[in-house]
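Q: kindly return the folded structure for what I paste below:
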Amino acid sequence: MRLDALLARAAERLARSGSASPRLDAEVLLGHVLGVDRTWLYTWGDRTVPTYSWARFEALVAARAAGHPVAYLTGEREFWGLALATSRHTLIPRPDTETLVEVLLELAHEAAGRLLDLGSGTGAIALAFASERPGWEALGIDRVAEAVTLAESNARRLGIANASFSLSDWFAALADERFTLIAANPPYIDAQDPHLAMGDVRFEPSSALVAAEAGMADLRHLVEGSMAHLLPGGWLALEHGHDQAAAVRSLLEDSGYTSVASRRDLGGRERVTFGQCPRQR
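A: Okay, the predicted model is just below:
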């Protein structure tokens with residue numbers, strides 16, 4: 001079968017299964033199977049697909065039609081222009097989280113400093129930041145050993161030498177270390193949220209998605225524990241749910257943070273809230 005016909009058939013099947021981006025999903029999966037980019041697929045649509053590749057592609061399309069995330073099927077997701085390996089032990093990096101990276105880069109006024117990325121997963125936040133700020137040191141921590149191994153592998157493959165990763169349950173293994181910036185995209189979804197039964201999140205680790213106290217427990221823990229690990233004048237920046245910004249601002253203000261503000265994501269939703277540690281304590 002020709003490439004263009006195979007893609008059209010796969011996109012139609014994925015559309016019937018409920019995919020929000022059926023054509024894109026089909027192109028990414030076929031590109032993965034053939035080892036080519038999407039531009040190549042458009043350029044050479046009249047070429048035929050070898051039988052082995054066709055069978056492999058059909059298997060991936062069937063898995064996607066059953067709801068499996070494309071990033072898990074290909075083992076890769078692009079974030080901040082970086083091709084990150086993914087696994088079922090970590091969340092899939094999402095475009096909304098690039099808002100957090102943008103905030104961190106704006107707050108990194110100095111030529112050098114230290115960033116702490118809590119719950120690093122694939123290493124997306126730490127690696128994106130480190131790639132833009134070579135004079136800084138970025139430390140990503142995660143409580144899941146497989147996630148730390150994956151993030152370290154991503155750093156090596158991308159050649160980002162100023163990012164490192166280690167095992168810790170939030171601040172537990174950090175002793176008295178201090179940082180210029182602390183960032184986190186923690187679990188913030190209520191266990192009763194119906195969206196947990198929809199889309200890609202059905203296949204992602206619930207421990208990285210769900211938090212107690214209607215999704216606020218980990219956000220609260222990070223706010224309350226972070227100031228002990230910030231240098232005077234340092235900043236804490238947190239990603240959160242679209243309806244949690246006011247609550248996170250209150251947590252920061254109640255804990256003594258100043259210059260508290262929120263930033264909207266590409267969809268216009270308040271997605272990241274940040275505050276500054278007082279210079280005099």
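Q: ranges for the strands of the stretch 51-200 of the chain?
A: Shown for the stretch 51-200 of the chain, the strands assigned by DSSP state E, counting those that start in this stretch span residues 76-79, 82-85, 114-118, 137-142, 163-167, 179-184.
Q: turn the ones you listed into CSV, including mean pLDDT, mean neighbour count and distance to Thr258.
A: The way it works is simple: take the backbone N, C-alpha and C, and place the C-beta from them, glycine included. What follows is the strands of the stretch 51-200 of the chain, written out as CSV (pLDDT from 0 to 100; neighbours: other C-beta atoms under 10 Å; distance: least, C-beta to C-beta, whole Å):
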stretch, mean pLDDT, mean neighbour count, distance to Thr258
strand 76-79, 95, 18, 31
strand 82-85, 97, 18, 33
strand 114-118, 98, 26, 19
strand 137-142, 98, 25, 24
strand 163-167, 98, 19, 29
strand 179-184, 98, 25, 15
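Q: export those strands as a markdown table, with columns for distance to Leu107.
A: Putting the strands of the stretch 51-200 of the chain into a markdown table (distance: least, C-beta to C-beta, whole Å) gives the following:
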| stretch | distance to Leu107 |
| --- | --- |
| strand 76-79 | 19 |
| strand 82-85 | 20 |
| strand 114-118 | 10 |
| strand 137-142 | 14 |
| strand 163-167 | 17 |
| strand 179-184 | 6 |
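Q: and the closest residue to Asp265 other than its chain neighbours, what helix or strand is that in?
A: The shortest distance from Asp265 to any non-neighbouring residue, by C-beta to C-beta, 6 or more residues apart in numbering, is to Arg271 (3.8 Å). Here Arg271 sits within strand 270-276, counting by DSSP states H and E.
Q: next one: that strand to chain centre, how far?
A: Relative to its chain's centre, strand 270-276 lies at 17 Å (C-alpha atoms, centre = their mean, to the nearest Å).
Q: model confidence over it, on average?
A: Mean pLDDT, strand 270-276: 98.
Q: alpha carbons only: can I get it in CSV?
A: Extracted C-alpha coordinates of strand 270-276, given in CSV (Å, rounded to 0.1, in the frame of the first residue of the first chain):
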residue,chain,number,x,y,z
GLU,A,270,-3.5,30.1,35.1
ARG,A,271,-1.0,27.3,35.1
VAL,A,272,2.2,28.4,37.0
THR,A,273,2.4,30.3,40.3
PHE,A,274,5.7,31.6,41.7
GLY,A,275,7.0,33.6,44.7
GLN,A,276,10.3,35.0,46.0
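Q: any idea how far Ala138 is from Ala155?
A: According to C-beta to C-beta, to the nearest Å, Ala155 and Ala138 sit 9 Å apart.
Q: between the two, which contacts overlap?
A: Listed as contacting both Ala155 and Ala138 by C-beta atoms under 8 Å, 6 or more residues apart in numbering are Leu127, Ala163, Ser164.
Q: excluding residues flanking it in the chain, which one is nearest Glu102?
A: In this structure, Glu102 finds its nearest non-sequential neighbour in Arg263, 7.5 Å apart by C-beta to C-beta, 6+ apart.
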